[in-house]
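# Task: produce atomic coordinates for the following.
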Amino acid sequence: MYRIGFSEDIHPVKEGRKLVLAGVEIPSPFGLDGHSDADVVTHAVAESILGALALGDLGTHFPDNDPKYKGISSILLLNKVVEMMNEKGYKVNNVDVQVACASPKLSPHVLKMRESLAKALETSVDSVSIKAMSFNKVGAIGKGEAIRAQSVVLLINK
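The predicted structure is shown next:
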């Protein structure tokens, strides 16, 4: 049996924070604002898995009003989601992520980001796709005010 999930996440940029995408710290003068490390890539991937399994969203499992999740690494949250996926008897066949980010340029970091997600998802790098786009100066993303990630995942029975 196959299950497909889709999700999207967006966070505004914030000076004085580290920029973490797919569990990788990206050199940047700003990070993303959020309760956790605000890793939009990891959030989108985790929520696409939760959606594929009809298990709700990240806020249901890891509420932003719970102080134990303040500043937490989103990779740790993804690890918990992968545990839920394993308990349901599924594994990742493949995941495809699109990241919309005016700056910094992500192409030098994409392989490391793919490797980080593959490790967390307990799958091969060949099963993880990450594509970056700039939004060509259109809207909040294009003007560098926010970063967005979209993810689609295909899960298969183990």
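# from here on, contacts and neighbour counts on C-alpha atoms
Will do.
# Helices along this structure, start to end?
Secondary structure of the chain by DSSP state H: the helices cover 40-52, 58-61, 74-87, 110-121, 139-142.
# who's in contact with the fourth one?
Contact with helix 110-121 is made by 21-24, 42, 75, 78-79, 82, 92, 124-125, 127-131, as judged by CA atoms under 8 Å, 6 or more residues apart in numbering.
# quick one: buried residues of that helix?
Neighbour-count burial for helix 110-121, counted by 16 or more other CA atoms under 10 Å, picks out 110, 113-118, 120-121.
# rewinding a little: ranking the helices of the chain by burial, who's on top?
Most buried of the helices of the chain by mean neighbour count (mean count of other CA atoms under 10 Å) is helix 40-52; its value is a mean of 27.
# What helices and strands are in contact with that helix?
For helix 40-52, the packing partners by 3 or more CA pairs under 8 Å, 6 or more residues apart in numbering; DSSP states H and E come out as strand 2-15, strand 19-21, helix 58-61, helix 74-87, strand 90-100, strand 146-157.
# If we use 6 Å, what do you get?
Other helices and strands packing on helix 40-52, by 3 or more CA pairs under 6 Å, 6 or more residues apart in numbering; DSSP states H and E, are strand 2-15, strand 146-157.
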